[in-house]
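[1] Just need the structure, nothing else, for what follows:
(chains A and B)
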Number of protein chains: 2
Amino acid sequence: MARWEPGARERLQKAALELFSSKGFEVTTAAEIAQTAGLTERTFFRHFSDKREVLFAGQDDFTRPFLVGVESAPAAATPLQVVVSAVLGAAGFFPAEKRPYSRMRQTVIVANPELQERELLKLASLASTLAAALRDRGVSEPAATLTAESGVTVFRVSFELWLADETGASIEDIERGVFRELGALTAMVE
Amino acid sequence: MARWEPGARERLQKAALELFSSKGFEVTTAAEIAQTAGLTERTFFRHFSDKREVLFAGQDDFTRPFLVGVESAPAAATPLQVVVSAVLGAAGFFPAEKRPYSRMRQTVIVANPELQERELLKLASLASTLAAALRDRGVSEPAATLTAESGVTVFRVSFELWLADETGASIEDIERGVFRELGALTAMVE
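    Just a heads-up that it's a prediction; the model follows:
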């Protein structure tokens, strides 16, 4: 795909995010994104089905490190230990140098309900994938869904703390702390 | 609003769900829904902004019983106890006689990605509302969001178990069991 345009995809993503940030998502067109990136509209549509998908391309790339984390958990791991391994395993997907991009993307999404719905679907899809991976390991329902959803909640809360963080904490450190807090909060005292 | 058409809203909801189930959501029009309900299209649009909203009207009605549950929790309640009170407090919103309607609605939603996104937004909005209610009680972040999201996860999992249930269990009984299971699953063993 577009081998004659090295880095076309990344250039389109960068141009799109800049335009969404400066002009707003609603009024930006695919043609403008292509033009800003110095590419044709035709090249844009070879890479993305529409302007929204520029922000959400790569669900598989996003999900894969979580699944690698599931696979690296020992066979005797509890469902929670598997999910902790999945979430911490994906921490490498969010290095410090990616934070400015992630912050800019988050600002664009928060400003637009349609993008918020799409982001929720992306995270719901991650939770379904993790629940299926747990069931494959023999975890029954509703335990698989409960643990997978809890893991995604920890990821989402940690991701927002990481975006706001000014201390240089890694997302992995934040996630460990949030998992501990979740455990303390949901302990039933009857 | 349409006082001269008693029950217009309910008739439109019933007609819409029947058409969505039999013909499919995509091909059903507002005009057809109105006609099936024996009402005018104009009356339809007095009650709903579009056909999708027929399935999602009443976010406030849906959220209110959860908030009543928050308010009825004692001042000394832990964040989890407040959220348990919220979720169990809303159980009255799902009496056994509502189950056939809820099952039919769920089948329509599961068949359509746009409706799934909208349902996710509805539950995300519930979680945000519960987190804000916890913060109003002095619970800090990220504890408020973690507990609220966990409560919504328990609600969602319980709701699906209730839809599938053939034993006549109440949603409240199911929710109690799922809260216990969540507590056991998320306990950190380090």
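
[2] now the lengthiest helix in chain A against helix B:113-136, angle please.
    Assignment by DSSP state H gives helix A:113-136 as the longest helix of chain A. Angle, helix A:113-136 to helix B:113-136, by axes from the mean of the first three to the mean of the last three Cα atoms, to 10 degrees: 90 degrees.

[3] which element follows helix A:113-136 toward the C-terminus?
    helix A:143-164 (DSSP states H and E).

[4] so what does that following helix touch, helix or strand wise?
    helix A:79-89, helix A:99-110, helix A:113-136, helix A:171-186, helix B:143-164, helix B:171-186 (3 or more Cβ pairs under 8 Å, 6 or more residues apart in numbering or on different chains; DSSP states H and E). Any C-beta I mention is one placed from the backbone N, CA and C, and that applies to glycine too.

[5] buried set for it?
    Within helix A:143-164, the residues scored as buried using 16 or more other Cβ atoms under 10 Å in any protein chain shown are A:143-159, A:161-162.

[6] now the end-to-end length of stretch A:165-175.
    13 Å (Cα to Cα, to the nearest Å).

[7] Now that stretch: buried residues?
    A:Asp165, A:Ile171, A:Glu172, A:Asp173, A:Ile174, A:Glu175.

[8] How much space separates the third one from A:Leu80?
    In this structure, A:Glu172 and A:Leu80 are 17 Å apart, going by Cβ to Cβ, to the nearest Å.

[9] now swap in the second one and tell me
    With distances defined as Cβ to Cβ, the gap from A:Ile171 to A:Leu80 amounts to 19 Å.

[10] Report the buried residues of the longest helix of chain A.
    So helix A:113-136, judged by 16+ other Cβ under 10 Å, has buried residues A:115-121, A:123-124, A:126-127, A:129-131, A:133-134.

[11] ditto for stretch A:6-22
    In stretch A:6-22, counting by 16+ other Cβ under 10 Å, buried: A:Ala8, A:Arg9, A:Arg11, A:Leu12, A:Gln13, A:Lys14, A:Ala15, A:Ala16, A:Leu17, A:Leu19, A:Phe20.

[12] Let me know the average pLDDT across stretch A:153-168.
    The average pLDDT for stretch A:153-168 rounds to 94.

[13] need the residues of chain A near chain B, please.
    A:78-80, A:113, A:116-118, A:120-121, A:124, A:142-143, A:145-147, A:149-150, A:153-154, A:156-157, A:161, A:178-189 (Cβ under 8 Å from any Cβ of the partner chain).

[14] can we see that at 7 Å?
    A:79-80, A:116-118, A:120-121, A:124, A:142-143, A:145-147, A:149-150, A:153, A:157, A:161, A:178-183, A:185-188 (Cβ under 7 Å from any Cβ of the partner chain).

[15] how is chain A carved up into domains?
    For chain A, automatic domain parsing gives the domain ranges A:8-54, A:59-185.

[16] what residue ranges in chain A score low on pLDDT?
    Scanning chain A with the threshold set as pLDDT under 70 gives A:1-5, A:188-190.

[17] Which residue lies nearest the spatial centre of it?
    What sits nearest the mean C-alpha location of chain A, by Cα atoms, centre = their mean, is A:Phe62, with 5.6 Å.

[18] Would you mind giving the secondary structure of that residue?
    Here A:Phe62 is recorded as helix under DSSP: H, G, I helix; E, B strand; the rest coil.

[19] Same question for A:Ala57.
    Going by three-state DSSP: A:Ala57 is coil.

[20] residue contacts, it?
    A:Phe48 (Cβ atoms under 7 Å, 6 or more residues apart in numbering or on different chains).

[21] repeat that for 10 Å
    A:Arg9, A:Leu12, A:Gln13, A:His47, A:Phe48, A:Ser49 (Cβ atoms under 10 Å, 6 or more residues apart in numbering or on different chains).

[22] One more: A:Leu17?
    With contacts defined as Cβ under 10 Å, 6+ apart, the neighbours of A:Leu17 are A:Ile33, A:Val54, A:Leu55, A:Tyr101, A:Met104, A:Arg105, A:Thr107, A:Val108.

[23] what's the spacing between the last one and B:Glu119?
    When distance is defined by Cβ to Cβ, A:Val108 is 23 Å away from B:Glu119.

[24] Much appreciated, bye for now.
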